[in-house]
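Peer 1: When you get a sec, could you give me coordinates for this:
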Amino acid sequence: MNQRELPPVGLGTMGIDDPAVIETALELGYRHLDTAQIYGTETVVGEGLARSAVPREDVTIATKVWADSLAPDDVRRTTAESLDRLGLESVDLLYVHRPVETYDPERTLPAFEELRDAGTAGGIGLSNFSVAELETARAVLDAPIAAHQVEFHPLFQPEDLLVHAREHGYPLVAYSPLANGRAGEIDEVAAIAAAHDATPEAVCLAWLAAKESVVTIPKASSAAHLRANLDARDLELDPAERERIDAIERTDELFPE
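Peer 2: Residues are numbered from 1 along each chain as shown. Alright, predicted model coming up:
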């Protein structure tokens, strides 16, 4: 698993309850679907994938083991349950959702490696880790980190995590890239959107897509929003515009631990 295998814009599925949304997303060109045990959307993702004419091997499927199931036996058990809900024999990315509660790097990560070695998971992902926690994981894991998923939007920019991703050659997967519906309330983003006759949401996605080592997974349900998020890849911001967003100093973390 490396950055070339993750498209610039994938689909976050938290809150999606209709398999037809997944099927439509795949028809429109999405090739990265992100779910999690705690989202309750694995069945929806699996049904949408099964309905689609897009070959399974063309789609990166990612799920996450929740914080209460990170003891080795629970990792194995709940991953099997996730695969059953997804209707799959394997996932391409299996994440540690948060390094809290039952997480113990010396016990949790070897269990993930067992699943990777067995072909159940293509790569081991981490989510919501600090730099120190990433370094501990790197010391335990035999294989490189496949991806690190974190909250990243104009109001919350964890630059230390981006630096680490670039230094160690894995993609940073940005969730909540539209600031949970607040993109239009960000003055800098709104002004840049007006200059391009674009939406604030498109500006947020274009800003992230222009960053080295960053991919993003906005959630959308309607065909119009699904299409618009993909189209944002084609919006080009100039360096000054990107720097204007980079310089926003607010730190509004929407999903703290």
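
Peer 1: hey, where'd the helices end up in the stretch 1-150 of the chain?
Peer 2: Ranges of helices within the stretch 1-150 of the chain are 19-28, 42-51, 72-86, 105-117, 131-140, based on DSSP state H, counting those that start in this stretch.

Peer 1: Now tabulate those in a markdown table and tack on mean pLDDT and mean neighbour count.
Peer 2: For glycine as for every other residue, the C-beta is placed from the backbone atoms N, C-alpha and C. What follows is those, written out as a markdown table (pLDDT from 0 to 100; neighbours: other CB atoms under 10 Å):
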| stretch | mean pLDDT | mean neighbour count |
| --- | --- | --- |
| helix 19-28 | 98 | 20 |
| helix 42-51 | 98 | 20 |
| helix 72-86 | 98 | 17 |
| helix 105-117 | 98 | 18 |
| helix 131-140 | 98 | 14 |
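
Peer 1: wait, which of those helices is closest to residue 98?
Peer 2: Residue 98 sits nearest to helix 131-140 of all the helices of the stretch 1-150 of the chain, at 10.0 Å, using CB to CB.

Peer 1: rewinding a little: now render the helices of the stretch 1-150 of the chain as TSV, adding distance to residue 178.
Peer 2: Below are the helices of the stretch 1-150 of the chain laid out as TSV (distance: least, CB to CB, whole Å):
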stretch	distance to residue 178
helix 19-28	16
helix 42-51	20
helix 72-86	26
helix 105-117	30
helix 131-140	25
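
Peer 1: Of all these, which one is nearest residue 7?
Peer 2: Among the helices of the stretch 1-150 of the chain, helix 19-28 comes nearest to residue 7, with 11.8 Å by CB to CB.

Peer 1: who's the residue nearest the centre of the chain bridged to?
Peer 2: When the chain is reduced to its mean C-alpha position, the nearest residue by CA atoms, centre = their mean turns out to be residue 173, at 4.3 Å. Under DSSP bridges, the beta-bridge partners of residue 173 are residue 149, residue 215.

Peer 1: sorry, back to before: for residue 163, find the nearest of the helices of the stretch 1-150 of the chain.
Peer 2: Minimum separation from residue 163 across the helices of the stretch 1-150 of the chain (CB to CB) falls at helix 131-140, 8.4 Å.

Peer 1: how about the closest one as CSV, C-alpha atoms only?
Peer 2: Below are the C-alpha coordinates for helix 131-140, written out as CSV (Å, rounded to 0.1, in the frame of the first residue of the first chain):
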residue,chain,number,x,y,z
VAL,A,131,4.0,11.8,16.3
ALA,A,132,5.2,10.0,19.5
GLU,A,133,2.6,7.3,19.0
LEU,A,134,3.6,7.0,15.4
GLU,A,135,7.2,6.5,16.3
THR,A,136,6.3,3.8,18.8
ALA,A,137,4.3,2.1,16.1
ARG,A,138,7.1,2.3,13.6
ALA,A,139,9.4,0.6,16.1
VAL,A,140,7.0,-2.3,16.6
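
Peer 1: Give me the residues contacting it.
Peer 2: With CB atoms under 8 Å, 6 or more residues apart in numbering as the test, helix 131-140 has contacts from 99, 105-106, 109-110, 126, 129, 144-145, 148, 160-161, 164, 168.

Peer 1: Among those residues, show me the least confident.
Peer 2: Among these, residue 144 carries the weakest pLDDT, at 93.

Peer 1: right, and out of the contacts of helix 131-140, which lies closest to residue 91?
Peer 2: Among these, and counting by CB to CB, the member closest to residue 91 is residue 126, at 14.8 Å.

Peer 1: thinking again about what came up before, test my guess that the residue nearest to the centre of the chain contacts residue 146.
Peer 2: No. Between residue 173 and residue 146 there is no contact under CB atoms under 8 Å: 10.0 Å.

Peer 1: Between those two, which contacts overlap?
Peer 2: residue 125.

Peer 1: which one in this structure is furthest away from the centre?
Peer 2: residue 195 (28.9 Å).

Peer 1: Need the per-residue pLDDT for that one.
Peer 2: Per-residue pLDDT puts residue 195 at 97.
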